[in-house]
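Enquirer: coordinates for the following, if possible.
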Amino acid sequence: MKNQTRRKFLLFMGQVGVVSMSGCFDTCLPKSRSYPQPPKPNLIKLEKEIRKILQKGKTITLKWNCGGDEAIISSFIDKEILPYDGNILVGLDMYIANYLNLPDVGEFQMEGEGKIIEVSGNIFLECESTMVGYEDYYGNGDSNGWKEVNEPDEMYSGKRELFLSKK
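Expert: Got it, this is the predicted structure:
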């Protein structure tokens, strides 16, 4: 057997591929075909759009629920959820998830929320996160190894600088 590395199939953002135990991703689809890719946030357009919304006196808030092998983030303007209809702010969710490095592991659950504000031309995210619980492999949890925590998580909380003023 040439390759003895165990491989797993993975459905990743619309592409079928294989992941080796070393973590390498090899696509198993023909190279000649074009497949849909997840949108990458255009940070220049995103910043302009955020500044425009804040200058109108509107409020941008975010909520997230992470863990269970996913990170769900919702964006709101004046308490109305943003639809996924091609709006430039769709990239905001992806930007915040990557910027805060929100975890999506299965043995963990965290909830959080934040508000985007402008101070002296700089744009910040003020946020608070709560560690809901985690898988306790040492048997100290409430049921089936799950331990309820419900405590603030300072690593994913605080005032974070998103965009600096260009002045």
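
Enquirer: going by C-alpha atoms from here, please, whenever you check contacts or count neighbours.
Expert: Fine.

Enquirer: sketch out the low-pLDDT regions of this structure for me.
Expert: 1-41, 84-90, 139-144, 167 (pLDDT under 70).

Enquirer: could you pull out the helices for it?
Expert: For the chain, the helices defined by DSSP state H cover 43-55, 90-100.

Enquirer: in the longest one, what's buried?
Expert: When burial is assessed from 16 or more other Cα atoms under 10 Å, helix 43-55 yields the following buried residues: Leu46, Glu47, Ile50, Arg51, Leu54.

Enquirer: try the last one
Expert: Neighbour-count burial for helix 90-100, with 16+ other Cα under 10 Å as criterion, is recorded at Val90, Gly91, Leu92, Asp93, Met94, Tyr95, Ile96, Ala97.

Enquirer: what residues go with each domain of this protein?
Expert: With automatic domain parsing as the criterion, the domains of the chain are listed as 1-38, 43-163.

Enquirer: quick check: end-to-end length of the longest one?
Expert: Taking Cα to Cα, to the nearest Å as the measure, domain 43-163 stretches 9 Å from start to finish.

Enquirer: show me the contacts for the closest residue to Glu70 other than its chain neighbours.
Expert: Spatial nearest neighbour of Glu70, chain neighbours left out: Asp104 (4.6 Å); criterion: Cα to Cα, 6 or more residues apart in numbering. By Cα atoms under 8 Å, 6 or more residues apart in numbering, the residues touching Asp104 are Cys66, Gly67, Gly68, Asp69, Glu70, Ala71.

Enquirer: show the buried residues in those residues.
Expert: Cys66, Gly67, Ala71.

Enquirer: now, which of the residues you listed lie within strands?
Expert: Within the buried ones among the contacts of Asp104, residues falling in strands by DSSP state E are Cys66, Gly67, Ala71.
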